[in-house]
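Chemist: Take a look and give me a structure for this.
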Amino acid sequence: MKRHASLHALSQHHHFALIESLQIRRAQQLPAAERAAALRRLAQKFLRFWEKSGHIHFREEEEVLLPAYARHTPLEQDADVVRMLADHAFIRALVEEIRTLLAAKQPVEDALIALGHRLKDHVRLEEDVIFPRVEKTLAEAEMLTLGSRLTRLHGKGDACDV
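Modeler: Here you go, the predicted model:
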């Protein structure tokens, strides 16, 4: 599905989040002797991703995208939006858990694997359900205003290191 240009910044960030998720899910399949170290490296990498852009992405969805949509739709009556916000809270909690586990030199596998799966499902929810709904609901002028308030979090040359 072709995404409205105003949402490209968010969709591009989703692309990078899906790569993070894929790397986690791939590492989960490694032999036990390699899995813990690989997941620990990916946990550290994910925290860098989160600090650079992940938290900004969530904030823009919550402070720009959803308020624009809320002018047309009562958000509390949209179960998908409620799930989206619950996912945001759960993912933030997992990020903090991973940060704490890394600092304490404790195993991060369970939390990181849960994060990888939730992240994939969350991106699919937004791309397949929430964004099309927003595109259908907002007028063109509203979409353009929305797009002007979103930040492109990745440059064109940023690597997708799968």
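
Chemist: all helices of this structure, in order?
Modeler: 8-28, 32-49, 55-60, 66-70, 79-103, 109-125, 131-137, 140-148 (DSSP state H).

Chemist: could these be laid out in TSV, adding distance to residue 2, mean pLDDT and mean neighbour count?
Modeler: Heads up, the C-betas are built off the backbone N, CA and C, glycines and all. Below are the helices of the chain laid out as TSV (distance: least, C-beta to C-beta, whole Å; pLDDT from 0 to 100; neighbours: other C-beta atoms under 10 Å):
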stretch	distance to residue 2	mean pLDDT	mean neighbour count
helix 8-28	10	94	18
helix 32-49	27	95	15
helix 55-60	21	94	16
helix 66-70	19	97	16
helix 79-103	21	98	16
helix 109-125	17	97	18
helix 131-137	10	97	16
helix 140-148	13	96	14
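
Chemist: so what's the closest residue to residue 14 other than its chain neighbours up against?
Modeler: Using C-beta to C-beta, 6 or more residues apart in numbering and skipping the chain neighbours, the partner closest in space to residue 14 is residue 123 (4.6 Å). Contacts for residue 123 were tallied using C-beta atoms under 8 Å, 6 or more residues apart in numbering; they are 14, 17-18, 21.

Chemist: 10 Å - rerun?
Modeler: 11, 13-18, 21, 87 (C-beta atoms under 10 Å, 6 or more residues apart in numbering).

Chemist: now residue 89
Modeler: Residue 89 neighbours (C-beta under 10 Å, 6+ apart): residue 58.

Chemist: Renumber starting at 58 from here on
Modeler: OK, 58 is where the count begins now, so the last one is residue 146.

Chemist: Report the separation between it and residue 152.
Modeler: Look at residue 146 and residue 152: by C-beta to C-beta, to the nearest Å, they are 11 Å apart.
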